[in-house]
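Engineer: I would like to see how this sequence folds:
(one chain, ligands or ions: 1)
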Amino acid sequence: MKYHYKEMPESMSGTYGEFAKNFGFDWKEFIMGIPTPMFLVTTYKSNGQPNATMQSWAGFTSANHGGGYYVILCSVNKRGHLYQSLNEKKVAVLNFMSSDLYEACMKTIQNNQFEADEITSSGLTAEKASWVEAPMVAECFMNLECRYLWEKEIVPGDDHVMICLEVVGGHIEKDYMEDMFGDKGILYNVHYPINPENVKEKGCDYVAALRKVNQSYEY
Ligand SMILES: Cc1cc2nc3c(=O)[nH]c(=O)nc-3n(C[C@H](O)[C@H](O)[C@H](O)COP(=O)(O)O)c2cc1C
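Structural biologist: Residues are numbered from 1 along each chain as shown. Here you go, the predicted model:
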């Protein structure tokens with residue numbers, strides 16, 4: 001049996017699923033529950049201080065023509081430090097945290113002052129990336145060094161943009177290489193799931209991990 005949703009169900013009126021549109025989120029996002037990978041993007045601000053931005057609306061892909069591995073940051077706030085510093089320096093590092101580092105990475109949101117070293121002030125270690133001019137987080141199990149390629153608004157005039165970065169190279173912990181599905185793997189963001197057939201008074205976002213269910217293609 002399937003439910004069918006084209007307009008926002010009446011049961012969602014007055015819930016977070018409705019008023020989150022004021023922050024740019026559509027009600028469909030909450031009932032469809034599609035997870036996205038979570039990581040911390042690091043750059044240098046124009047004053048030389050490390051910037052760190054939690055990011056999770058994103059996808060990864062390769063290109064047939066000319067090769068290469070790319071990340072599309074699907075929704076970057078034009079008013080944030082990430083947007084500003086990416087436009088200035090044209091490089092960034094994507095840092096993937098295991099669950100024990102989640103709290104420290106979240107602290108970067110409070111430590112978001114322009115003057116702050118957002119990595120160190122959140123209890124993490126900033127080190128220089130190898131191939132691009134950006135900082136990276138030593139404790140994260142994977143750091144992908146990237147260069148900026150292009151940006152585009154999903155809807156003309158939006159205050160968030162889609163940005164494409166090319167992955168130049170990466171630093172990857174041995175534990176992750178040996179077991180990508182274990183406790184030390186990529187975290188996913190599940191944005192406040194809502195069941196319109198059984199709306200709860202309060203809900204929350206979830207941090208999720210990956211579980212292997214079936215073998216897929218064999219090459
Ligand atoms: C799990 C999580 C995911 C986030 N994903 C995004 C995102 O995809 N795009 C975005 O603009 N902000 C996102 N944010 C909000 C930014 O991390 C937050 O506004 C941050 O303070 C911006 O930092 P900046 O000004 O240094 O760029 C996310 C926050 C959290 C907690």
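Engineer: how about the residues of this protein that lie near the ligand?
Structural biologist: 38, 51, 53-57, 75-77, 80-82, 109, 112, 160, 189 (CB under 6 Å from any ligand atom). In short, each C-beta sits where N, CA and C put it, glycine included.
Engineer: Let's see the PyMOL selection covering just the buried ones among those residues.
Structural biologist: In PyMOL syntax, the buried subset of these is picked out as below (16 or more other CB atoms under 10 Å):
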select buried, resi 38+51+53+54+55+56+57+75+76+81+82+112+160+189
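Engineer: Can you list the neighbours in contact with the helix or strand of the chain with the lowest mean pLDDT?
Structural biologist: Ranked by mean pLDDT, DSSP states H and E, the helix or strand of the chain with the weakest confidence is helix 16-19, at a mean of 92. Applying CB atoms under 8 Å, 6 or more residues apart in numbering, the contact partners of helix 16-19 are 8, 12, 27, 30-31, 192, 194, 203.
Engineer: Buried subset of those residues as a PyMOL selection?
Structural biologist: Applying 16+ other CB under 10 Å to these, the buried members can be selected in PyMOL as follows:
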select buried, resi 8+12+27+30+31+192+194
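Engineer: Out of the contacts of helix 16-19, flag the one nearest to the ligand.
Structural biologist: Set against the ligand, the nearest of those by CB to the nearest ligand atom is residue 192 (11.2 Å).
Engineer: where exactly do the helices run in the protein?
Structural biologist: Residue ranges of the helices in the chain, as given by DSSP state H, are 16-19, 27-32, 81-89, 102-110, 174-178.
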